[in-house]
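Q: Okay, here's the prediction I keep looking at, along with the sequence it came from:
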Amino acid sequence: MKRKITFAVLTLLVGAILLVFLNRDRLLDMAIRERLQRKPDMSFVADDGHIRVLLCGTGTPEVSTARAQACTLVAAGGKMFLFDVGDGAVRSLEKSNVPITLLERVFITHFHSDHFNDLATLINASWIWGRETPLEVEGPVGMQAVLNGFAKSYALDEGYRSTNMPHLAARRDVAFGKALEISFPEGKRSTRVYDKDGITIDAVLVAHDPVKPALGYVLRYRGKKIFISGDTEVSPANIAAMRGTDLAIHEAYATHVVRRAIPQMKKLGMTADAEVAERTIPYHADNIALARQAEAAGVKRLVLTHLTPYPGNFVTRRLFVQGMSDIYKGELTVGQDGMIIIL
């Protein structure tokens, strides 16, 4: 009986393989058509009065295959704005199937590499795949130097592609983006950097010493207010930007976890790791202090991103926010790559 069953299974398997082989061209054509018919999801950028936020990178400053570095995409009024483009951000955006060639503008918070590692990739890919105008990239003074460096690095690539593809040569100015640098009026910690079609974006100075300037951004649309912190310690300087926000997308550092890990690092001989951990504590946002500030500022929903150390499962996510809900009474969310929030 057992032999008969085994023979029957083998017969079915051979038959299935033969069927696939005989129909391989048709199956291949079907797969090709399915891939060609895959279009970007335009619903994310729909002009329907809502603000949509995609967390396209919630990881730590370390490179990881599991999640992207700093990246937040915001859609409002039919336009998309990208805040920071860390390593893995372009892959994350592609996975979410958003139309990246339609980006209105990219905003960089500061020049730590984990906040712009994928910027050149984004500019290059959007040029190749159909962008018609140079992508505007706005950030602190130094933005032009960064794009100039990318232009030198990608000059050979641009030349090869333009020679091979005349339609790219016709818009080669798109290949390297357009830098916009933010300066602040004397004595001011906030300045408007975008004001169009009912959408305003203000750049605000945050506290991330010794990085100066380090920026956060405040976006307003139809009475809604969003604050994107960039990297910052919890500081009174951030209160005005956070006050009354419907959504604060804020970096978070679980200091209580890191402090417990440092002695273990030293015991394991990981002295360099321990030193890095000790040095990064002061200039990131301790999550308990952040909970106090969010409560004091009247933040309606606090979304944690740029999570350090990254909480990769249910248990560590609970440990990450331990004690925060005792202080902050608004809605608290631990971000994950691919998460979409609609206001």
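A: Perfect, I can see it now. Numbers count the residues shown, from 1 in each chain.
Q: all helices of the stretch 151-300 of the chain, in order?
A: Defined through DSSP state H, counting those that start in this stretch, the helices belonging to the stretch 151-300 of the chain, from first to last, are 155-164, 166-169, 239-242, 255-267, 271-280, 287-297.
Q: Of those helices, which is nearest W129?
A: If you check each of the helices of the stretch 151-300 of the chain against W129 by Cβ to Cβ, helix 166-169 wins as the nearest, at 10.2 Å. Just so you know, the C-beta spots here come from the backbone N, C-alpha and C atoms, and that holds for glycine as well.
Q: list the buried ones in that closest one?
A: Of the residues in helix 166-169, those buried under the neighbour-count criterion (16 or more other Cβ atoms under 10 Å) are L168.
Q: what does stretch 268-282 give?
A: In stretch 268-282, counting by 16+ other Cβ under 10 Å, buried: A274, A277, T280.
Q: List the contacts of that stretch.
A: Counting by Cβ atoms under 8 Å, 6 or more residues apart in numbering, the neighbours of stretch 268-282 from elsewhere in the structure are E233, Y253, T255, V258, R259, A261, I262, M265, K266, T308.
Q: Going through the residues you listed, which ones are buried?
A: Using 16+ other Cβ under 10 Å as the threshold, E233, Y253, T255, V258, A261, I262, M265, T308 are the buried ones among these.
Q: For the most centrally placed residue in the chain, list each beta-bridge partner.
A: With the centre of the chain defined as its mean C-alpha position, the nearest residue by Cα atoms, centre = their mean is C71, 1.2 Å away. The residues listed as beta-bridge partners of C71 by DSSP bridges are G57.
Q: from memory it sits against F83, does it?
A: Yes - at 7.5 Å, C71 counts as touching F83 under the criterion of Cβ atoms under 8 Å.
Q: hey, where'd the strands end up in the stretch 101-250 of the chain?
A: Shown for the stretch 101-250 of the chain, the strands assigned by DSSP state E, counting those that start in this stretch span residues 103-107, 136-140, 178-182, 190-196, 199-208, 211-221, 224-228, 247-253.
Q: among these, which is the most enclosed?
A: strand 247-253 (a mean of 26; mean count of other Cβ atoms under 10 Å).
Q: ok, residues contacting that strand?
A: Contact partners of strand 247-253, identified using Cβ under 8 Å, 6+ apart, comprise 51, 53, 55, 70, 72, 224-232, 242, 280-281, 284-287, 290, 294, 297, 299-308, 320, 335, 341, 343.
Q: Could you list the low-confidence segments of the stretch 151-300 of the chain?
A: Using pLDDT under 70 as the threshold, the predicted model of the stretch 151-300 of the chain has no low-confidence range.
Q: mind running it again at 90?
A: When the per-residue scores of the stretch 151-300 of the chain are filtered using pLDDT under 90, the ranges that remain are 187, 257-263, 265, 267, 273-283.
Q: Could you give me the ChimeraX syntax to select whichever of the contacts of strand 247-253 are buried?
A: Remark: buried members of these, expressed as a ChimeraX selection using 16+ other Cβ under 10 Å:
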select :51,53,55,70,72,224,225,226,227,228,229,230,231,232,242,280,284,285,286,287,290,294,297,299,301,302,303,304,305,306,307,308,320,335,341,343
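Q: Widest-spaced pair of the contacts of stretch 268-282?
A: Of all pairs drawn from the contacts of stretch 268-282, the greatest distance, 24.2 Å, lies between E233 and K266 (Cβ to Cβ).
Q: re earlier: would you reformat the strands of the stretch 101-250 of the chain as TSV and include distance to R171?
A: TSV is the format used below for the strands of the stretch 101-250 of the chain (distance: least, Cβ to Cβ, whole Å):
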stretch	distance to R171
strand 103-107	16
strand 136-140	15
strand 178-182	13
strand 190-196	23
strand 199-208	26
strand 211-221	28
strand 224-228	30
strand 247-253	33
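Q: out of those strands, nearest to A151?
A: Closest to A151 of the strands of the stretch 101-250 of the chain, according to Cβ to Cβ: strand 178-182, at 9.9 Å.
Q: Name every sheet partner of the closest one and say whether each one runs parallel or antiparallel.
A: Looking at strand 178-182 with DSSP bridges, its partner strands are strand 136-140 (parallel).
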